[in-house]
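K.L.:
pasting the structure only:
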């Protein structure tokens, strides 16, 4: 029986979360379909050559209506299903880990279907805030590769560079570990850099492009780190971290 469960679980386990993603996207698509129908009814009387151009524009506009709808709907479902995360260390196949799967599903369905088109903008910041991320003033997040937003805290004037990854989880010794990521005031995370769970970046510190910061690393204020794994380095005063 144990062998049977270990065989079936990887196959059947994702099904509830795929269904959850379908329902979430479907609700947002319903809003978009309603919008498109209203637009379509208003353009049916125009000449055919103009009608197809307007239909195309109406479809594109409705897609963005879908995006704005899912940015609002996914966080509501995440909240209702208890998807706000807490620190955790244990089996990835457990009832306690369910909220992480819900949170990941709601984050990914938005990221993979729309978020890239509004990054960076106030819309991606709105989504992350609604998902529980603590975001200060004058923050720029130029990446959609953000996982576990409810476990991430960004102080004022933080810059997340293009395609940088911030993940508040990692695997260790066969366990799933969920740990908060904190980035201090004025810190900069460079292009395609990666931060893992438990990382703390001090005020005005810099993580240079393409660097990988190991889990639970503490970067003191004002320091510059780079490399794989990232370590402290000294930069010429005129060299940029981005």
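P.N.:
Received it, and whenever you're ready, just let me know what you need. Please read these numbers as outputs of a predicted model, since none were measured by experiment. Numbers count the residues shown, from 1 in each chain.

K.L.:
just want the most central residue of this protein.
P.N.:
Closest to where the C-alpha atoms of the chain average out (C-alpha atoms, centre = their mean) is residue 146, at 3.5 Å.

K.L.:
is the nearest residue to that one once chain neighbours are set aside in a bridge, and if so with what?
P.N.:
Take residue 146 and drop its neighbours on the chain: the residue closest to it by C-beta to C-beta, 6 or more residues apart in numbering is residue 166, 5.2 Å away. All C-beta atoms are positioned from the backbone trio N, CA, C, and that covers glycine. In this entry, residue 166 is beta-bridged to residue 146, residue 195, by DSSP bridges.

K.L.:
next, the contact list for residue 166, please.
P.N.:
Residue 166 is in contact with 143, 145-147, 152, 160, 181, 183, 189, 194-195, counting by C-beta atoms under 8 Å, 6 or more residues apart in numbering.

K.L.:
one more: residue 206?
P.N.:
187-188, 190, 223-225, 241.

K.L.:
determine which two of the residues you listed are furthest apart.
P.N.:
190 and 223 (13.7 Å; C-beta to C-beta).

K.L.:
do you know how far the residue nearest to residue 146 is from residue 148?
P.N.:
Note on residue 166: its distance to residue 148, by C-beta to C-beta, to the nearest Å, is 8 Å.

K.L.:
shared neighbours, the two?
P.N.:
Shared contacts of residue 166 and residue 148, counting by C-beta under 8 Å, 6+ apart, come down to residue 181.

K.L.:
which SSE is immediately downstream of the longest helix along the chain?
P.N.:
In the chain, taking DSSP state H as the definition, the longest helix is helix 48-80. Per DSSP states H and E, the first helix or strand lying C-terminal to helix 48-80 is strand 88-90.

K.L.:
list the buried residues for that following strand?
P.N.:
Under the neighbour-count criterion of 16 or more other C-beta atoms under 10 Å, strand 88-90 has residue 88 buried.

K.L.:
who does it touch, helix- and strand-wise?
P.N.:
Applying 3 or more C-beta pairs under 8 Å, 6 or more residues apart in numbering; DSSP states H and E, one finds that strand 88-90 contacts strand 175-178.

K.L.:
any idea of the pLDDT on the residue nearest to residue 146?
P.N.:
Residue 166 carries a pLDDT score of 98 in this model.

K.L.:
also residue 1?
P.N.:
For residue 1, pLDDT reads 53.

K.L.:
residue 197 too?
P.N.:
pLDDT, residue 197: 96.

K.L.:
in a helix, that's where it is, yeah?
P.N.:
No. Residue 197: not assigned to a helix; according to DSSP: H, G, I helix; E, B strand; the rest coil it is coil.

K.L.:
mind checking how far the nearest residue to residue 96 once chain neighbours are set aside is from residue 172?
P.N.:
Nearest-residue entry for residue 96: residue 90, 6.0 Å, with adjacent residues in sequence omitted and distances by C-beta to C-beta, 6+ apart. For residue 90, the distance to residue 172 equals 11 Å [C-beta to C-beta].

K.L.:
next one: residue 120
P.N.:
Residue 120 sits 32 Å away from residue 172, going by C-beta to C-beta.

K.L.:
who has more neighbours, the two?
P.N.:
Neighbours were tallied for residue 120 and for residue 172 using other C-beta atoms under 10 Å; the higher tally belongs to residue 120 (16 against 11).

K.L.:
next up, the contacts around the residue nearest to that one when sequence neighbours are not counted.
P.N.:
Closest residue to residue 120 in three dimensions, ignoring its sequence neighbours and counting by C-beta to C-beta, 6+ apart: residue 142, at 4.5 Å. Residues in contact with residue 142 (C-beta under 8 Å, 6+ apart) are 119-120, 159-162, 164.

K.L.:
give me the neighbour count for residue 150.
P.N.:
25.
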